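# Quick one: sequence and predicted model below, then my questions.
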Amino acid sequence: MQNDLDSIVETARQAFAKASTPAELENAKALFIGKAGRITELMKGMAALSVDEKKTRGAAINAAKQAIEAALNERRQALADAELDIQLKAEALDVSLPGRLREPGSVHPVSLTMERIELIFASMGFDVADGPEIESDWHSFTSLNNPPNHPARSMQDTFYVDIEGDDGIPYNLRPHTSPMQVRYAHAHIKKYAELAKAGGTIPEIRVIAPGRTYRVDNDATHSPMFHQCEGLWLGENVSFKDLKVVFTDFCRTFFESDDLALRFRPSFFPFTEPSAEIDIQFQSGPLAGRWLEVAGSGQVHPTVVKNMGLDPEKYIGFAFGMGPDRLTMLRYGVSDLRLFFDGDTRFLRQFR
Ligand code: PHE
């Protein structure tokens with residue numbers, strides 16, 4: 001009789017050992033000490049025994065039951081330990097890894113320059129305008145008096161997109177901010193007409209248009225995406241002298257130095273006549289003595305004034321286009337333009 005109990009206990013041990021999850025273990029338990037389990041069945045079978053037999057048989061069955069329960073608890077604990085082990089391994093922290101630092105961000109150096117440009121020109125009464133970077137051929141070239149075969153229109157210099165305008169010519173990624181001259185005038189033409197009707201002097205246009213521009217170019221001083229800031233001042237009596245005053249004032253304020261010379265070097269642009277390249281010369285510091293080109297400029301061509309919808313007999317003035325990237329390099333002594341667009345935080349954090 002003892003043998004059958006021993007073998008039940010042994011079978012239970014093996015069944016528990018086979019169970020690899022808590023659910024399997026509970027199922028195995030039911031086979032032995034559940035309501036219909038083998039031990040429970042043996043207990044029921046004792047009813048027919050004599051009092052003495054009940055005593056010894058009952059004690060033996062109880063011992064077997066306790067042995068099974070002990071085996072069950074042991075297995076329960078082992079499964080729980082294994083589960084905890086897996087969880088701990090999965091959530092392991094390698095405390096020797098360096099932490100992930102959250103660095104404070106900072107305004108990009110070119111954006112700092114843009115902000116400064118806007119502030120300085122706003123203080124001189126200039127509006128600040130924004131326009132599209134995907135431009136029509138007419139805005140980028142034709143309206144600006146560019147002849148049909150001008151090299152600026154070639155694929156070597158200008159990016160074109162796969163969308164054609166109403167004129168059948170593909171749109172371009174604007175190679176300069178000059179289209180904003182015509183766009184700005186068109187956007188305000190109604191106001192100018194009304195003011196002109198009301199009499200008195202003609203309303204002036206005084207605006208800068210900073211933004212991104214694109215050219216097929218890539219080296220230490222050229223990036224395919226770069227920045228320009230257009231300037232336009234038109235009125236009844238705005239002259240080259242005003243351009244010199246405004247631009248000299250701007251440069252001295254921007255570089256925070258009166259120790260700065262400007263040179264207007266004759267040049268050519270289809271949309272200005274006469275045209276001049278603007279060079280600056282620092283009188284002290286690491287760049288002292290060298291002439292550095294910072295902008296193209298000139299008196300707005302009458303054809304462009306006409307394309308703005310204005311009367312070239314009444315409106316005269318100047319435009320300029322400068323390179324904020326270049327200004328940033330000069331102001332901070334940066335030698336490679338590409339640093340501005342690489343996103344290397346070791347470079348950028350210096351402007352914090
Ligand atoms: N758009 C010219 C350029 O990109 C610069 C310029 C602007 C020249 C306005 C004259 C007047 O080089």
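Sure thing, it's come through.
# Please count neighbours and contacts with C-alpha atoms only from this point.
Noted.
# Skip the chain neighbours and tell me the closest residue to the residue in the stretch 101-250 of the chain that the ligand sits nearest to.
With Cα to the nearest ligand atom as the measure, the residue in the stretch 101-250 of the chain that lies nearest the ligand is His176; the distance is 4.6 Å. What sits nearest to His176 in space, not counting adjacent residues and going by Cα to Cα, 6 or more residues apart in numbering, is Thr213, at 5.5 Å.
# Please give the element, helix or strand, for that neighbour.
Secondary-structure assignment from DSSP states H and E places Thr213 in strand 205-214.
# Mind listing the strands that strand pairs with, and their directions?
When sheet partners are counted by DSSP bridges, strand 205-214 sits next to strand 127-128 (parallel), strand 225-235 (antiparallel).
# Which stretch among those is buried most, on average?
A comparison of the strands paired with strand 205-214 by mean neighbour count, using mean count of other Cα atoms under 10 Å, puts strand 225-235 on top with a mean of 22.
# can you list contacts of that strand?
Residues from elsewhere that reach strand 225-235, judged by Cα atoms under 8 Å, 6 or more residues apart in numbering: 176-178, 180-181, 202-215, 314-325.
# at 6 Å what do you get?
Contacts of strand 225-235 from elsewhere in the structure, counted by Cα atoms under 6 Å, 6 or more residues apart in numbering, are 177, 204-214, 315-324.
# Ok, stretch 178-194 next?
By Cα under 6 Å, 6+ apart, the list of residues contacting stretch 178-194 from outside reads 139-140, 308.
# Is Tyr171 in contact with Trp138, as I believe?
No. Contact between Tyr171 and Trp138 fails when scored by Cα atoms under 6 Å: they sit 9.2 Å apart.
# more neighbours, these two?
Relative neighbour count places Tyr171 above the other of Tyr171 and Trp138, with 22 against 16, counting by other Cα atoms under 10 Å.
# ok, how many other residues are close to the residue nearest to the more buried one when sequence neighbours are not counted?
Leaving aside its chain neighbours, Tyr171 sits nearest to Ser136 (4.7 Å; criterion: Cα to Cα, 6+ apart). For Ser136, the neighbour count with other Cα under 10 Å is 23.
# cool, and the one 4 residues further on?
One way to gauge burial is a neighbour count; for Ser140, by other Cα under 10 Å, it gives 25.
# Repeat that for Arg102.
The local packing of Arg102 (other Cα under 10 Å) involves 6 other residues.
# repeat for Ile280
Other residues within reach of Ile280 by the criterion other Cα under 10 Å amount to 19.
# Look at it and report its pLDDT.
Predicted confidence (pLDDT) for Ile280: 94.
# Thr40 too?
Per the predicted model, pLDDT is 88 at Thr40.
# Can you give me the buried ones in the helix or strand containing it?
Following DSSP H and E, the helix or strand that holds Thr40 is helix 38-44. By neighbour count, with 16 or more other Cα atoms under 10 Å as the criterion, the buried positions of helix 38-44 are 38-40.
# could the residues you listed go into TSV alongside distance to Glu273?
Putting the buried residues of helix 38-44 into TSV (distance: Cα to Cα, whole Å) gives the following:
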residue	distance to Glu273
Arg38	109
Ile39	111
Thr40	111
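# any idea which of these is closest to the ligand?
Arg38 (95.1 Å).
# can you tell me which residues contact that closest one?
For Arg38, the set of contacting residues under the criterion of Cα under 6 Å, 6+ apart consists of Phe32.
# who does Arg212 bridge with?
So, taking DSSP bridges as the rule, Arg212 has His227 as bridge partners.
# quick one: the residue nearest the centre of the chain from Met225, how far?
By Cα atoms, centre = their mean, the mean C-alpha position of the chain lies nearest to Gly343, the distance being 9.8 Å. Taking Cα to Cα, to the nearest Å as the measure, Gly343 and Met225 are separated by 14 Å.
# Alright, calling it a day.
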